[in-house]
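Chemist: Mind folding the following:
(one chain, ligands or ions: 1)
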Amino acid sequence: MAKKILIGLLVIFILMQFIRPTRNESTAMSPNDIEKHYETPENVKLILSKACRDCHSNNTVYPWYAQFQPGAWFMNDHIVDGKRHFNLSEFASYQPKKADHKLDEFSEEIEEHGMPLESYLWLHSNAKLTDTEITEVTDWAKGIRKEIQAKNPEAFVKKDK
Ligand code: HEC
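Modeler: Numbers count the residues shown, from 1 in each chain. As a prediction, the model looks like this:
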């Protein structure tokens, strides 16, 4: 009996392996990538790569557990949801107001330790940002917000009644 159950589970596990989500990988960096439009120091690039890009860009570096189901399914859910909210690879396609707002949330999430997601940190301990890294990456985002606001004053006029 136990043997039959075990074989049954094994068959299910093997069949699961055939249902694979499309991989989030592209060969080149998107022309709309934030790093192509705003000066990004090396240390900030590193922070984004190790802590954010797996879920917020068009290029995921797949960990070992995502080579198997259900690992890849969980990862894929986060990627689809994460990209829908904020995509570093498509940043330049956002309207000024939206871009500014997303960067505001970006800093807020990092400062409040909301991002990277807690569950991601279990298996990616190097993505846990130090206080110095948090300052570096949020200062960078705040600088870009100033640049966007200065370049698009019409989008940021306060409507006084
Ligand atoms: C494991 C995947 C994952 C990683 C890694 C990750 N995020 Fe997220 N992020 C998500 C998901 C999923 C959402 C949408 C659901 C939510 O808000 O919790 C999200 C939402 C966000 C939002 C909110 C956007 C909005 O419109 O509300 C911001 C900003 C953000 N992430 C920034 C970051 C930054 C910055 C990092 C790196 C320090 C990061 N994320 C790392 C998965 C991830």
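Chemist: Centroid-nearest residue for the protein?
Modeler: Here the mean C-alpha position of the chain is nearest to the C-alpha of residue 56 (CA atoms, centre = their mean), at a distance of 2.3 Å.
Chemist: List the buried residues for stretch 41-56?
Modeler: Using 16 or more other CB atoms under 10 Å as the burial criterion, the residues of stretch 41-56 that qualify are 44, 47, 48, 49, 50, 51, 52, 53, 54, 55, 56. All C-beta spots, glycine's among them, are computed from the backbone N, C-alpha and C.
Chemist: for stretch 134-142, same thing?
Modeler: 136, 137, 138, 140, 141.
Chemist: got it, and stretch 23-30?
Modeler: Neighbour count says stretch 23-30 has 24, 30 buried, by 16+ other CB under 10 Å.
Chemist: residues in contact with it?
Modeler: 35, 36, 58, 59, 60, 62, 76, 79, 83, 89, 90 (CB atoms under 8 Å, 6 or more residues apart in numbering).
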